[in-house]
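Chemist: structure for the following, please:
(one chain, ligands or ions: 1)
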Amino acid sequence: MARPKRTCGARTCFTALRGFDSAEPAAPPLFGRGRARAGRGMDAASLTLKLLLIGDSAVGKSSLLLRFTDGAFEPSLKPTIGVDFKVKKMVIDGRAVQLAIWDTAGQERFRTLTPSYYRGAQGVVLVYDVTRKDTFTGLDSWLNELEIYTSKNSTVKMLVGNKTDKPDREVERKEGLQFARKRSLLFIETSAKTLDGVQHAFEELAIKILQTPGVWDRNAEKQRMQLTGSAAQQDKSFCTAYCTLA
Ligand SMILES: Nc1nc2c(ncn2[C@@H]2O[C@H](COP(=O)(O)OP(=O)(O)OP(=O)(O)O)[C@@H](O)[C@H]2O)c(=O)[nH]1
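Modeler: Residues are numbered from 1 along each chain as shown. Coordinates of the predicted model:
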C-alpha cells in the first residue's frame, strides 16, 4: 500500500489537522493590484491565509505545492492519503502573509474528513490535468462539493489547468477559460514540472483574497473576539485557531 507523502516541514503547524482558521491583527486595507515576493523572517503577527488544493487524483496538486514551496519536482509522487500541509511566507504589497496550504487527496477512498478540510479556507485551488479530459469534465462535481462546504462570499476560487508541458493535450486553454468565466473562477494554466505559472497562481489567489472584503478580515474579527472571550482559559500547550509558525 502506498505511504502518505510527507510534505510537512519544520514550520508545519500540526494542530492544523484539527482545523486551522486564519486570524490576523488589525492592519491597513490593501488597495490596487498587489505585488508579491517570497518573505523570510516575518514576525509572528503576519496574516495567515488558508488555501486548499482540490481536484481529481494525479492531476498534480501535490506537485504544484512542492514546486511552489520547495522549488522541487518529483516525477513519481505517490498519492496523498488524507491531507498534507505546507506553509509559504510571502510579502504582498508590503504586508507579511503566510499561506497555509492544504493538499487534499484526490482519491475518493482517502477523502474521509472533507468538511474539516474546507473549514476556514479563504482560497481554493481547483486543479485539472490538461492532458486528461475526464479531470476537466469532473470539475462540476468538485464545484458542487465546494458549494456545500464553503460560502460563496467567503472563499476565492481559482481553476488551474496543470501539466501544460505535456504534448498530449485534451483540454484547450480556451475551454478552461470559458469554464472559469461562466462560474466566476480565477483561471491559470501551469506546469509543476517546468514551473510555468505556478508562482503566479498562488500569488494571484492571495492577492485576490486580500482585495476581497469579507474574505480575510471576517475570520480575523471572529478570532479576535474568541481570543478576548477565552483569554482566562487559554492553554499554552494547545495551539488554537491561530498558530504562529516560527
Ligand atoms: N509532466 C508533468 N507531470 C506532472 C506535473 N504535475 C504533476 N505531474 C506528475 O503527475 C503525477 C501525479 O502528481 P501528484 O502531484 O501526485 O498528483 P495529485 O493531484 O497530488 O494526486 P493525489 O495525491 O492522488 O490527489 C506525478 O507523477 C507527478 O510527477 C506537470 O506539471 N507535468
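Chemist: show me the helices in the chain, by range?
Modeler: Read by DSSP state H, the chain holds these helices, from start to end of the chain: 61-70, 114-118, 133-137, 139-149, 173-182, 198-211, 217-229.
Chemist: any residue of the longest one up close to the ligand?
Modeler: In this case it means helix 198-211. No - with Cβ under 6 Å from any ligand atom as the measure, helix 198-211 is seen stopping short of the ligand, the closest distance being 8.6 Å. Where C-beta positions appear, they are placed from N, C-alpha and C, glycine not excepted.
Chemist: okay, buried residues for that helix please.
Modeler: Of the residues in helix 198-211, those scored as buried under the neighbour-count criterion (16 or more other Cβ atoms under 10 Å) are 198-199, 201-211.
Chemist: repeat for stretch 177-190
Modeler: Within stretch 177-190, the residues that qualify as buried are Leu177, Phe179, Ala180, Leu185, Leu186, Phe187, Ile188, Glu189, Thr190, counting by 16+ other Cβ under 10 Å.
Chemist: any idea what the fifth one is bridged to?
Modeler: In other words, Leu186. Listed beta-bridge partners, Leu186: Met158 (assigned using DSSP bridges).
Chemist: any idea how far Lys88 is from it?
Modeler: When distance is defined by Cβ to Cβ, to the nearest Å, Leu186 is 18 Å away from Lys88.
Chemist: and what of the third one?
Modeler: Applying Cβ to Cβ, one obtains 24 Å for the distance of Ala180 from Lys88.
Chemist: show me what from the protein comes close to the ligand.
Modeler: Proximity of the chain to the ligand is assessed by Cβ under 6 Å from any ligand atom, with 57-63, 74-77, 79-80, 105-107, 162-163, 165-166, 191-193 identified as the residues in range.
Chemist: please repeat the previous calculation with a cut-off of 5 Å.
Modeler: The chain has residues 57-63, 75-77, 79-80, 106, 163, 166, 191-193 near the ligand, with proximity defined as Cβ under 5 Å from any ligand atom.
Chemist: now intersect the residues you listed with the strands, please.
Modeler: Taking DSSP state E as the definition of strands, the residues of the chain next to the ligand contribute nothing to them.
Chemist: show me how to select, in ChimeraX, the buried members of those.
Modeler: Buried residues among the residues of the chain next to the ligand (16+ other Cβ under 10 Å), as a ChimeraX selection:
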select :57,58,59,60,61,62,63,77,79,80,106,163,191,192,193
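Chemist: tell me the contacts of the nearest residue to Glu175 once chain neighbours are set aside?
Modeler: In this structure, Glu175 finds its nearest non-sequential neighbour in Phe136, 7.2 Å apart by Cβ to Cβ, 6 or more residues apart in numbering. In this structure, Phe136 makes contact with Tyr128, Asp129, Val130, Gly161, Glu170, Val171, Glu175, Gly176, Phe179, judged by Cβ atoms under 8 Å, 6 or more residues apart in numbering.
Chemist: name only those of the residues you listed that count as buried.
Modeler: Among the contacts of Phe136, those classed as buried by 16+ other Cβ under 10 Å are Tyr128, Asp129, Val130, Gly161, Val171, Gly176, Phe179.
Chemist: and the residues you listed, which two are the farthest apart?
Modeler: Pairwise distances across those peak at 14.1 Å for Asp129 and Phe179 (criterion: Cβ to Cβ).
Chemist: what's the end-to-end length of stretch 47-64?
Modeler: Taking Cα to Cα, to the nearest Å, the span from the opening residue of stretch 47-64 to its closing residue is 22 Å.
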